[in-house]
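> Structure here, sequence nowhere to be found:
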């Protein structure tokens, strides 16, 4: 059933059909029509996590002070003009509201129709509210954050009954530099305001916002490059200027590297970096100057790598070694690749990984490009030909309790096979 087409023709009938589907599935009975896959998978997650479909949960909203603090530190504040220009004018006319939530599912901004804002208050869809999927069920804020793609949720596709009179379409907003989730933008309104083009509209505006973030990053690197150029011209040996997140603005005496992983607590002085070895670190306006110690010959000690895939949307890799420890949040693709390498400690060829991830061994070039990005921050801990973790690295994988919660967004055949395994001790 094409829900969007049916809803555009007959909203009342579409809502009734979806209500029947929801009731059948929650009672364990077969339904005449299957729910859409993205909705059915979300419902399965809700049933496993114990969300009550008949009673909504109103977690305490954040204080105004905490909402303001999160606004000030969120990168999303930079793209609010793009979101407002692309969504608000039409949303107000169509009796919708625009909602922007952070990576934790907390509502930080709400704008649009005053009447709809009042109705949203009745649902607990207010500033500071927690709209994660595992808290309030299938919805246009929490579900796109889990599956990492735009999702429209209409009527009784919402898992919790109190939201069945609502329609929403949300799209994740990611950092274009590394794929990290920044939050979700959502357009919501009463059931009768549903339109089949809403999802494409919201998704397109989200892409414009991400493009603006990419432009801002390029502009910042250009400013840092202007500052660093005369400094690098006076230096001998290998050196590079990077921004606060390790993105390279300029290099001298060495091949260009796109990004260097920096520890969170980086300060001026000597520091050992995974891809460069021992470096002298000096502050620059807008970043750091890294001078590589060419005579550094200290042997690499063994390292411990912890790949944590247990938390929804917060996959990470932590490395502990002689130089201390550091943690990096992973994009969905890098989480898949590192999981597969942890499973196959003897290694995988580019063709093997392409088959694991895409179901197509011929997509070797795509895999090599992604693995090149991974090796920029894991450095010597990853080897190639075949791709594998270094023999002296101790690797631990932290998995969710239920195999179906392992990278739930993933379409990789090797990961999907893991999803089909029955939960066990």
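Great, that's in hand. Being a predicted model, the structure only gives us computed values, none of them experimental.
> first vs last residue of stretch 90-109, how far apart are they?
By CA to CA, to the nearest Å, the extent of stretch 90-109 from end to end equals 17 Å.
> How about that stretch, which residues are buried there?
Residues 90-92, 94, 96-109 are the ones in stretch 90-109 that count as buried (16 or more other CB atoms under 10 Å). Any C-beta I mention is one placed from the backbone N, CA and C, and that applies to glycine too.
> Keep only those of the residues you listed that are in strands.
Of the positions in the buried residues of stretch 90-109, 97-102, 107-109 sit in strands, assigned by DSSP state E.
> Pick out the most distant pair among those.
Greatest spatial distance in those: 97 and 102, 17.1 Å, computed using CB to CB.
> Strands of the stretch 151-300 of the chain, start to end?
Assigned strands in the stretch 151-300 of the chain, in chain order: 151-154, 166-174, 181-190, 239-243, 248-252, 269-273, 277-284, 287-292 (criterion: DSSP state E, counting those that start in this stretch).
> correction: the stretch 301-425 of the chain
With DSSP E, counting those that start in this stretch as the criterion, the stretch 301-425 of the chain has strands at 303-308, 316-321, 324-329, 382-383, 388-389, 393-398.
> tell me the residue furthest from the middle of this structure?
Distance from the C-alpha centroid of the chain, by CA atoms, centre = their mean, peaks at residue 234 (40.7 Å).
> Of the strands of the stretch 301-425 of the chain, which is nearest residue 262?
strand 324-329 (8.4 Å).
> mean confidence for the closest one?
For strand 324-329, mean pLDDT rounds to 74.
> Any regions of this structure where pLDDT drops low?
Residues of the chain meeting the criterion pLDDT under 70: 1-10, 92, 295-302, 321-325, 419-425.
> center of it, which residue is that?
The chain, centroid-nearest residue using CA atoms, centre = their mean: residue 181 at 3.1 Å.
> thought that one was touching residue 171?
No. Using CB atoms under 8 Å, residue 181 makes no contact with residue 171, being 11.5 Å away.
> element containing residue 52, please.
Secondary structure from DSSP states H and E places residue 52 outside every helix and strand.
> mind checking how far it is from residue 190?
Remark: distance between residue 52 and residue 190 (CB to CB, to the nearest Å) = 23 Å.
> More neighbours: these two, which one.
Ranked by neighbour count (other CB atoms under 10 Å), residue 52 and residue 190 place residue 190 first, with 16 against 12.
> which residues does the more buried one bridge with?
When bridges are called by DSSP bridges, residue 190 pairs up with residue 166.
> So it sits against residue 164, correct?
No. Here residue 190 does not reach residue 164: they are 11.2 Å apart, not a contact under CB under 8 Å.
> Contacts only, for residue 333.
179, 357, 370 (CB atoms under 8 Å, 6 or more residues apart in numbering).
> what do you get if the cut-off is 6 Å, keeping everything else the same?
Contacts for residue 333 (CB atoms under 6 Å, 6 or more residues apart in numbering) come out as residue 370.
> Report the separation between it and residue 148.
Using CB to CB, one obtains 10 Å as the distance from residue 333 to residue 148.
> Same check on residue 309?
14 Å.
> Which one of the two is surrounded by more residues?
Ranked by neighbour count (other CB under 10 Å), residue 309 and residue 148 place residue 309 first, with 23 against 18.
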